[in-house]
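# I would like the atomic coordinates for the input below:
(chains A, B, C and D)
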4 protein chains.
Amino acid sequence: MDPIERLSSLFEKFPGIGPRQAQRFVQFLLRNSTSGRRKLIDALENLGGAVHQCPECMRFHAGNKKICNMCTNSERNDSQLAVVASDADLGALERSGTYRGRYFVLGGTISLASEKMSGLRIKELNMRINDLRNRYEKFGEVILAFPANPEGDATEIRLREELEQGFPLLKVTSLGRGLSTGSELEYADPETIKSALEGRR
Amino acid sequence: MDPIERLSSLFEKFPGIGPRQAQRFVQFLLRNSTSGRRKLIDALENLGGAVHQCPECMRFHAGNKKICNMCTNSERNDSQLAVVASDADLGALERSGTYRGRYFVLGGTISLASEKMSGLRIKELNMRINDLRNRYEKFGEVILAFPANPEGDATEIRLREELEQGFPLLKVTSLGRGLSTGSELEYADPETIKSALEGRR
Amino acid sequence: MDPIERLSSLFEKFPGIGPRQAQRFVQFLLRNSTSGRRKLIDALENLGGAVHQCPECMRFHAGNKKICNMCTNSERNDSQLAVVASDADLGALERSGTYRGRYFVLGGTISLASEKMSGLRIKELNMRINDLRNRYEKFGEVILAFPANPEGDATEIRLREELEQGFPLLKVTSLGRGLSTGSELEYADPETIKSALEGRR
Amino acid sequence: MDPIERLSSLFEKFPGIGPRQAQRFVQFLLRNSTSGRRKLIDALENLGGAVHQCPECMRFHAGNKKICNMCTNSERNDSQLAVVASDADLGALERSGTYRGRYFVLGGTISLASEKMSGLRIKELNMRINDLRNRYEKFGEVILAFPANPEGDATEIRLREELEQGFPLLKVTSLGRGLSTGSELEYADPETIKSALEGRR
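So this is what the prediction gives:
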């Protein structure tokens, strides 16, 4: 395979990128200067060296220390732990400006094909909860913050079982369902209307 | 204006219909048989005669009596009244299969331009609530079921004020907000995430 | 079926209208005044009486005479006849401001399922061409103006055969193919590029 | 800026990539193995070394020689030169399987803001045409194959002037316009219908 095709085939593996756009990326880089490409290569090389996975929340970060600055931040609320599927979901929760507790990135959701939790950081989650319980007396709630789709639901159900068995005194909650901002009632699905009625306040 | 253009201009006023589709409707009717058009004319004429507006819930219906069969149904839950903006929203709530209480169609939401409630059936709602209170001892909750958009929110706030002043003992609730079925956490807006966190269970 | 459902089911037969939008139409008409609905009924009733199908070009029109004012217009170019599938296609050709010849509406295209021309106005087209030949010495070209899709292509092929057999001296042309306004070369399909290369000027 | 943000900001410059997708790319690479990232870095480094710009057609290629194998291919038709805006457009023309002549990549189209041809390879095109005239007696046509948009049209007009002045005996053609595959006549714009009528065959 020639270098143009090889690079194009690597870009095709990027999330959401098809052959046509992969080729446009290569053309874009070819038209770019040598120093422009060098910057990209340098940034990619730094990614390996300078980025760590935080051993507490499991997210990737570029701090100087192994533990990320969110986990070392003493101003966070030590009573709550939000379990999310991915770094991107952690980012969304954080951007909402509402949640101030601790995080744990599970690394995905259950695949409905296999229904297995292999690949997910279950053991690490148990260790993280034990650690929080030992460190902070007021720690008492795990919030399962998964997407509102079948995979997210299945993960929530399985994890809730696990945690309620392993930590009987812990409060395990899930994100509320209902009308999301901008929804018309007329077009809402029955499941969402049911949640909205149950969750009325 | 010739008959083709006149009919086309009337179809253009239908919700969601532009000039191009209005013209297609006319062409469709021209290609139709005379008896096909006659059926449509008959159905339109019957609409005026056979359809009533229920004096209790204010929705349009085609029952034999003025009061609709939902309002006369003695199996409904007499403790709750859902206030909705439109007949279509009433239909969505009913299709969800969760709600079994009574209904009231307000006839719209507050327009953000005018911020006025004129045009909405406020007086009729007050009479409806008084009537339910007199008739059913267990009546005790009004559920404001408006769309999750600025107009729906404004209507909810204003109506809640009104009702809490006018009926201090009445419980006034609103539909729960949160992730709607199928939403990814990653793409959810901050407002929805905030509601989902607050409404966690 | 009650009057609301009956009208809704008739609107569902309109081109491009599903059950949800059909219901919105009925709600729109219910909220409308009686005189608003009366206007629509009148316009529908006039359609039958005041609209004729022109016996020359076969389009529907609302002129006082049976023959439409495009066919009686002596300023049109009598040397050309454009054969189109529908009144809407005739309208598009006319709006382009380029074509000044005569028209004939075939009433559809060949269905690829049946490959039959039944239902199309083939006999009427032959009569129309004969009539133009008798009336205008300079008449000499039939332009087959069909959509650039498989049905349009099949209709063009079959009609061209018919006309070349029936009228050996007549010039039969079809619309040019190529890049349409706004197309990127990069995303054009091979067939379009081929036409654009063949039709280069 | 930390390495995650730096890489993300470089991906944001890729064509069609916004901040959200740029972040997904970085997360994808973080979850990737070190050897996976190494492959991407290697492919990027090879791009500079192994890819040349062909001095005849100006496209990027990964052949062993400076001149690309399309330009050295003696089976191509030496009578025609297609001038295209980009490598991607060259690829589209080639994939259509219709064109067998020579190519020249102009490097873009005129920007309507500046109306300048600076940045386009005008001088190189003149040299290329001179070279083809000297080498091949039968060379005689330049096909301007630009997108059917205002920029493409402006480039075609300016280039046609240039070439007709500089090479009076040369035939200069442009891609045919008309209905592209799949277009409905009803929705075609007037310009396209005009071209389709003019280009009828």
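
# What are the boundaries of the helices in chain A?
Per DSSP state H, chain A carries helices over the ranges A:3-11, A:19-31, A:34-50, A:69-72, A:87-95, A:122-135, A:150-166, A:190-198.

# and the ones you listed, which is most packed in?
helix A:190-198 (a mean of 22; mean count of other C-beta atoms under 10 Å in any protein chain shown). (C-beta placed from N, C-alpha, C; glycine too.)

# And the residue lying closest to residue A:136 once chain neighbours are set aside, what's its pLDDT?
Closest residue to residue A:136 apart from its sequence neighbours, by C-beta to C-beta, 6 or more residues apart in numbering or on different chains: residue A:78 at 4.0 Å. With respect to pLDDT, residue A:78 has a value of 96.

# wouldn't residue A:78 be in contact with residue A:132 here?
Yes: Residue A:78 lies in contact with residue A:132 (C-beta atoms under 8 Å); the separation is 7.2 Å.

# Quickly list what's touching both of the two.
Residues touching both residue A:78 and residue A:132 by C-beta atoms under 8 Å, 6 or more residues apart in numbering or on different chains: A:102, A:139.

# Could I get the contacting residues of the residue nearest the centre of chain A?
Compute the mean C-alpha point of chain A, and by C-alpha atoms, centre = their mean the closest residue is residue A:86, 1.5 Å away. By C-beta under 8 Å, 6+ apart, the contact set of residue A:86 is A:105, A:107-108, B:186, D:27.

# want to throw those into a markdown table with pLDDT and distance to residue B:139?
A markdown table is the format used below for those (pLDDT from 0 to 100; distance: C-beta to C-beta, whole Å):
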| residue | pLDDT | distance to residue B:139 |
| --- | --- | --- |
| A:105 | 97 | 48 |
| A:107 | 92 | 51 |
| A:108 | 91 | 48 |
| B:186 | 87 | 43 |
| D:27 | 90 | 53 |
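
# Of those, which pair is most distant in space?
A:107 and B:186 (14.7 Å; C-beta to C-beta).

# gap between the residue nearest to residue A:136 and residue B:58?
Computed with C-beta to C-beta, to the nearest Å, the distance linking residue A:78 and residue B:58 is 52 Å.

# the more surrounded of those two?
Higher neighbour count among residue A:78 and residue B:58: residue B:58, with 21 against 17, using other C-beta atoms under 10 Å in any protein chain shown.

# about what we covered before: how near is the residue nearest to the centre of chain A to residue A:59?
In this view, residue A:86 and residue A:59 are 9 Å apart by C-beta to C-beta.

# Separate out the buried members of the contacts of residue A:86.
A:105, A:107, B:186, D:27 (16 or more other C-beta atoms under 10 Å in any protein chain shown).

# tell me, which of those residues make contact with chain C?
Counting by C-beta under 8 Å from any C-beta of the partner chain, the subset of those that neighbours chain C is empty.

# So which of these are in strands?
residue A:105 (DSSP state E).

# could you dump the buried ones among the contacts of residue A:86 to JSON lines with distance to residue A:10?
Formatted as JSON lines, those follow (distance: C-beta to C-beta, whole Å):
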{"residue": "A:105", "distance to residue A:10": "25"}
{"residue": "A:107", "distance to residue A:10": "23"}
{"residue": "B:186", "distance to residue A:10": "24"}
{"residue": "D:27", "distance to residue A:10": "16"}
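
# Closest one to residue A:114 out of the buried ones among the contacts of residue A:86, please.
Nearest to residue A:114 among those, with distances taken as C-beta to C-beta, is residue A:107, at 14.9 Å.

# List the residues that contact the closest one.
Counting by C-beta under 8 Å, 6+ apart, residue A:107 makes contact with A:58, A:85-86, A:119-121.

# Check the gap between it and chain C for me.
Per C-beta to the nearest C-beta, to the nearest Å, residue A:107 is found 38 Å from chain C.
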